[in-house]
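**Q** Have a look; sequence and predicted model below, questions after that.
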Amino acid sequence: YLEESSSEEEENLPSYTIMSIEGNTVIGLLGGGQLGRMLCEAANPLGIDIAILDEENAPAKQAHNTNRHVTGSFKNAERIKELAAVSDYLSVEIEHVDTEVLEEIEKNGVEVETEEGTVVHKPPIHPSWRTIRLIQDKYLQKEHFSSSGKGIPIAEQIAIESGDAALGSLKEAGEKFGFPFMLKARKGSYDGRGNFKVNGEEDFEEAIKALGTLPLYAEKWAPFIKELSVMVIRTEKDDGTLRNCVAYPAVETIHEDSICTKVFMPPRDVSDDIAEKARKLATEVISTVWGRGVFAVEMFVLEDGSLMVNEVAPRPHNSGHHTIEAVPYMSQFKAQLHAVLDLPVPEKLIPRVKSAIMLNILGGAKPDSHHELSSLARGTFGDDMDVYLHLYGKASKPGRKIGHITITGSCSIKELEAKAETFIDTVDKIRQ
Ligand code: ATP
Ligand code: MG
Ligand code: MG
């Protein structure tokens, strides 16, 4: 009897399909790290299929089952074309991609074999490869903003010559800006890895040694009192002109050793007036780029309360992770999906909590250095503070972003900071 029943049960097991068989809309994503993973987490309940181009078992691939994933590098033209062939739309989770091939796909499409023969397939690309290409070069990006006629303030900057001429060029920067100034790689940098603070002429040699082989530029030192970030959703009309730029409330970002470690919403000790100005400025900045999607605008607040744009990211961003819980009806990831697919986007983005803190979990000295922190997050409930743990399915390495914790409150940000003290101390301890 038992045997019969179990074999019958087996026969009656329902069959489930993976996303791709359902015929849902497919977004092809270049890059499958934690941003792609959280994009997949937002896409899953919405019935949107995401095809990831990245290494086998990349964090995003772990979070979404489809037979459309492509294995390879998001810098490889052939793999990108392969991805385009299975995608209705293309988007990115990282800006350091091959934009030449994206431009080619937009112009000529990719060939796809169908039952009716070979057809040319042209998935729309959002944001535009033009925007991605512009943003890849931090110097050109800011030249573009500052010459847009929209009154976008940036730090003064000059291009630095490569090779033997670099020294003369650095001298010129020192004379023009004084010391310290910031020497930056124009392309490919993240988490401050392409930046060198030049304190005086005595640093020139070391600066050239550190970055000299790369195209560089120098930036006047920005004596900021705060760093803010504003996430913006950009939508377009059918003719490709701007429809709307909708901004989330400004947040305060804390960078330690040039890597973002903490985010506070609303910013601490920043007037509503400045936070609102930041929001307005961010929409102006994003009105000057091309394509749909979410963007981050990083800014400095100077002593006199004025704002300066540091840089833009053409994708979901670390400073928007708190929106998963704080703006649950339209997190930055859901917003990316809606914008790319041209689905409705709200005109206002009002958080459902009064305050939120995001703490990055960076890998510590040992593979388990962060375990005390994740246990704390798993075991803390209620009392005017909700705690949400996000781990990215990445192996821990020192300084690597392997997860984050969002803490939300119905109290002021200062009160939430006091309640979250143990979390903040534990995060800081991992880095020591
Ligand atoms: P991300 O990971 O945000 O892409 P990145 O490698 O592109 O970082 P930047 O955003 O250029 O680096 O700089 C990293 C941090 O260095 C800034 O958040 C800020 O704290 C500091 N910084 C950058 N430029 C300046 C400047 N001109 N003056 C003073 N501090 C600066
Ligand atoms: Mg950057
Ligand atoms: Mg930055």
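**A** Nice, I can see it. Numbers count the residues shown, from 1 in each chain. Ligands and ions are numbered 1, 2, ... in the order given.

**Q** so what does the longest strand along the chain touch, helix or strand wise?
**A** In the chain, taking DSSP state E as the definition, the longest strand is strand 224-236. Judged by 3 or more CB pairs under 8 Å, 6 or more residues apart in numbering; DSSP states H and E, the packing partners of strand 224-236 are strand 242-247, strand 251-256, helix 272-287, strand 293-302, strand 307-313, helix 332-341. The C-beta positions use only the backbone N, C-alpha and C, and glycine is treated the same way.

**Q** closest to residue 155 out of these?
**A** Closest approach to residue 155 among the helices and strands packed on strand 224-236 (CB to CB): strand 307-313, 5.9 Å.

**Q** Next, the angle from the closest one to strand 293-302.
**A** Per axes from the mean of the first three to the mean of the last three CA atoms, to 10 degrees, the angle that strand 307-313 makes with strand 293-302 is 150 degrees.

**Q** Next, the angle strand 251-256 makes with strand 307-313.
**A** 80 degrees.

**Q** ok, residues contacting the helix or strand following strand 307-313?
**A** Next along the chain after strand 307-313, taking DSSP states H and E as the criterion, comes helix 323-326. Contacting residues not belonging to helix 323-326 are listed as 38, 42, 231, 248, 265, 330-333, 335, 351-353, 356, 386, 388, 390, 406, 408 [CB atoms under 8 Å, 6 or more residues apart in numbering].

**Q** Just the buried ones among these, please.
**A** 38, 42, 231, 248, 265, 330-333, 335, 351, 353, 356, 386, 388, 390, 406, 408 (16 or more other CB atoms under 10 Å).

**Q** out of those, which touch ligand 3?
**A** Among those, not one lies near ligand 3 by CB under 5 Å from the ion.

**Q** now the helices and strands packed on strand 224-236 in JSON lines, with distance to ligand 1?
**A** Below are these laid out as JSON lines (distance: least, CB to the nearest ligand atom, whole Å):
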{"stretch": "strand 242-247", "distance to ligand 1": "18"}
{"stretch": "strand 251-256", "distance to ligand 1": "4"}
{"stretch": "helix 272-287", "distance to ligand 1": "14"}
{"stretch": "strand 293-302", "distance to ligand 1": "6"}
{"stretch": "strand 307-313", "distance to ligand 1": "5"}
{"stretch": "helix 332-341", "distance to ligand 1": "15"}
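
**Q** Make TSV from those and add mean pLDDT to it.
**A** Formatted as TSV, the helices and strands packed on strand 224-236 follow (pLDDT from 0 to 100):
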stretch	mean pLDDT
strand 242-247	98
strand 251-256	97
helix 272-287	98
strand 293-302	98
strand 307-313	98
helix 332-341	98
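
**Q** Nearest approach to residue 176 belongs to which of the ones you listed?
**A** strand 307-313 (17.1 Å).

**Q** Just give the closest residue to residue 76, not the sequence neighbours.
**A** residue 98 (7.3 Å; CB to CB, 6 or more residues apart in numbering).

**Q** whoops, residue 431 was the one
**A** Nearest one to residue 431, counting by CB to CB, 6+ apart, is residue 362 at 6.5 Å.

**Q** Then residue 191?
**A** residue 259 (4.4 Å).

**Q** what's the neighbour count on residue 366?
**A** By the criterion of other CB atoms under 10 Å, residue 366 has 11 neighbours.

**Q** contacting residues for it?
**A** No contacts exist for residue 366 under CB under 8 Å, 6+ apart.

**Q** what does residue 377 give?
**A** 387, 388, 389, 405, 423.

**Q** Out of the residues you listed, flag the one nearest to residue 345.
**A** Ranked by distance to residue 345 (CB to CB), the contacts of residue 377 are led by residue 388 at 23.7 Å.

**Q** Which strand residues bridge the residue nearest to residue 191?
**A** Beta-bridge pairing for residue 259 (DSSP bridges): residue 256.

**Q** How about residue 245?
**A** residue 234.

**Q** hang on, it packs against residue 232?
**A** Yes - counting by CB atoms under 8 Å, residue 245 does reach residue 232; the two are 5.3 Å apart.

**Q** Of the two, which one has the most company?
**A** residue 232 (27 against 19).

**Q** would you say residue 217 is within a strand?
**A** Yes - assessed with DSSP: H, G, I helix; E, B strand; the rest coil, residue 217 lies in a strand.

**Q** Now for it, how many residues are close by?
**A** 21.

**Q** any idea what sits nearest the residue positioned nearest the centre of the chain, other than its immediate chain neighbours?
**A** Centroid-nearest residue in the chain: residue 317, 2.5 Å away (criterion: CA atoms, centre = their mean). Leaving aside its sequence neighbours, residue 317 sits nearest to residue 296 (CB to CB, 6+ apart; 3.4 Å).

**Q** do residue 91 as well
**A** Residue 91 sits nearest to residue 340 (CB to CB, 6+ apart), 5.1 Å away.

**Q** Among the contacts of residue 377, which one has the most neighbours?
**A** residue 405 (24 neighbours).

**Q** Only the C-alpha atoms, please, for stretch 107-121, written as PDB.
**A** Taking C-alpha atoms only, stretch 107-121 is exported to PDB below (Å, rounded to 0.1, in the frame of the first residue of the first chain):
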ATOM      1  CA  LYS A 107      22.500  50.300 -34.800                       C
ATOM      2  CA  ASN A 108      22.600  46.900 -36.500                       C
ATOM      3  CA  GLY A 109      20.900  44.500 -34.000                       C
ATOM      4  CA  VAL A 110      22.000  40.900 -33.600                       C
ATOM      5  CA  GLU A 111      21.100  38.000 -35.900                       C
ATOM      6  CA  VAL A 112      18.800  35.400 -34.300                       C
ATOM      7  CA  GLU A 113      17.800  32.100 -35.800                       C
ATOM      8  CA  THR A 114      14.100  31.400 -35.800                       C
ATOM      9  CA  GLU A 115      11.700  28.900 -37.400                       C
ATOM     10  CA  GLU A 116      11.100  31.500 -40.200                       C
ATOM     11  CA  GLY A 117      14.900  31.900 -40.700                       C
ATOM     12  CA  THR A 118      17.400  34.500 -39.600                       C
ATOM     13  CA  VAL A 119      16.000  37.700 -38.300                       C
ATOM     14  CA  VAL A 120      17.600  40.900 -37.000                       C
ATOM     15  CA  HIS A 121      16.800  41.500 -33.300                       C
END
